[in-house]
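Engineer: sharing a model that was predicted from the sequence below.
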Amino acid sequence: MDFTFTEDQLLFQDSVRDFLANEVTPERVRASWESDSGRDDVLWAQLAELGLTGMTVAEEHGGLGMNELDFVLLAQECGYVALPEPLVHTALVAVPLLQQVGGDLAARWLPKIAAGEAKVIVGIAQNMLVEDAHVADLLLLEDGDKLVAATQEQVTLRHNASVDPSRRLYAVELGAGATTVAAGEEARCLVAGALNRGALGAAAQALGLAQRMVDISVQYTSERQQFGKPIGSFQAVKHHMANVAVRLEYAKAPVHRAAYAVAHNQEIASHAVSHAKLVACEAANLAAKNSIQVHGAMGYTWEVDLHIYMKKAWALANTWGDAGLHKTRVAGRIFAEGAALGAGATFG
């Protein structure tokens, strides 16, 4: 069995990496913090022009018709630059949920998403607060045992501060006119799928964030000198970064495996996603901790770019399910009676 990504997937990743590195600079991220919406319409239009907003939209609705496995490498690149725009949310959560709902709602909104003309945001009870609700043209919200669709005019928003200045979080109160799109077991299945895809997106971004923090720290330690030598030449500093590199490398395979499981609707998708989010966020949290350590007191300051990625990593660790939820899901799988474990069950 071939576990490698295709040449086309890797080439697409390279082109998106180059675009994001040039356009989503730390200076541009900082500038977004000062704007009213925290979002950049010009950048969103550029992402749409590249086909990224419609990447997972079916071809019949003007998209590229790709899946979660095709997008997971791009989600890593979004994490690497700490992209504030809700691209990962759109491709991995909003679009698949709309396509599952189907009907007139999907037919109306999917072409607009693909063209970059509309933003659809999903809110579930697990997250409590809804990121980017203020820029959403349509909100798909879990409301008890129902999934409802509402426009801006049908909700009341209350802003909540986040540890990550790039995140705009809102408590959403439904008003009159919201439409129920699913109820009961159907709604629970749709919400469960959204949770899995959201957690997958968070895990993939965590990989990118961890790599960026390592790169920032390596550059800093090669320039910062002590006793006439770069501090990066000291063994203790090398060990800090090596420990992150090992954790990060071991986290990549579970994230890619989870993307495959979700894309192919495999029975193991939920616990594969939970495993991926746990190991990826642990790698990102270790990267934040050790990067602060090698920066010394500078690591905590607002002026150093490290905190852009560090704070996003902290935020992602507790969105789309915290560590407790995902550990419970993994434990439920491996401690179940008759669980197929071990090397012999890998491809079962």
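Structural biologist: Cool, got the structure. Numbers count the residues shown, from 1 in each chain.
Engineer: which stretches of the stretch 101-250 of the chain have low pLDDT?
Structural biologist: Flagging of the stretch 101-250 of the chain using pLDDT under 70 yields the residue ranges 221-237.
Engineer: what about the helices in the stretch 101-250 of the chain?
Structural biologist: Taking DSSP state H, counting those that start in this stretch as the test, the helices found in the stretch 101-250 of the chain are 103-114, 184-223, 235-263.
Engineer: could I get the ones you listed as TSV with distance to Gly296 and mean neighbour count?
Structural biologist: For every residue, glycine as well, the C-beta is placed using N, CA and C. Shown next, in TSV, are the helices of the stretch 101-250 of the chain (distance: least, CB to CB, whole Å; neighbours: other CB atoms under 10 Å):
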stretch	distance to Gly296	mean neighbour count
helix 103-114	45	18
helix 184-223	10	22
helix 235-263	11	18
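Engineer: got those helices as CSV, with distance to Pro96 columns?
Structural biologist: CSV is the format used below for these (distance: least, CB to CB, whole Å):
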stretch, distance to Pro96
helix 103-114, 11
helix 184-223, 6
helix 235-263, 9
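Engineer: of the ones you listed, which approaches Val155 most closely?
Structural biologist: The minimum distance between Val155 and these falls on helix 103-114, with 16.3 Å, by CB to CB.
Engineer: packing partners for that closest one?
Structural biologist: Contact here means 3 or more CB pairs under 8 Å, 6 or more residues apart in numbering; DSSP states H and E; on that basis helix 103-114 packs against helix 95-101.
Engineer: mind listing what's buried in the helix it packs on?
Structural biologist: 95-98, 101 (16 or more other CB atoms under 10 Å).
Engineer: now stretch 38-53
Structural biologist: Buried residues in stretch 38-53, counted by 16+ other CB under 10 Å: 38-40, 43-44, 46-48, 50-53.
Engineer: between the buried residues of helix 95-101, which is closest to Arg212?
Structural biologist: So of the buried residues of helix 95-101, ranked by how close each gets to Arg212 (CB to CB), first place is Val95, at 25.8 Å.
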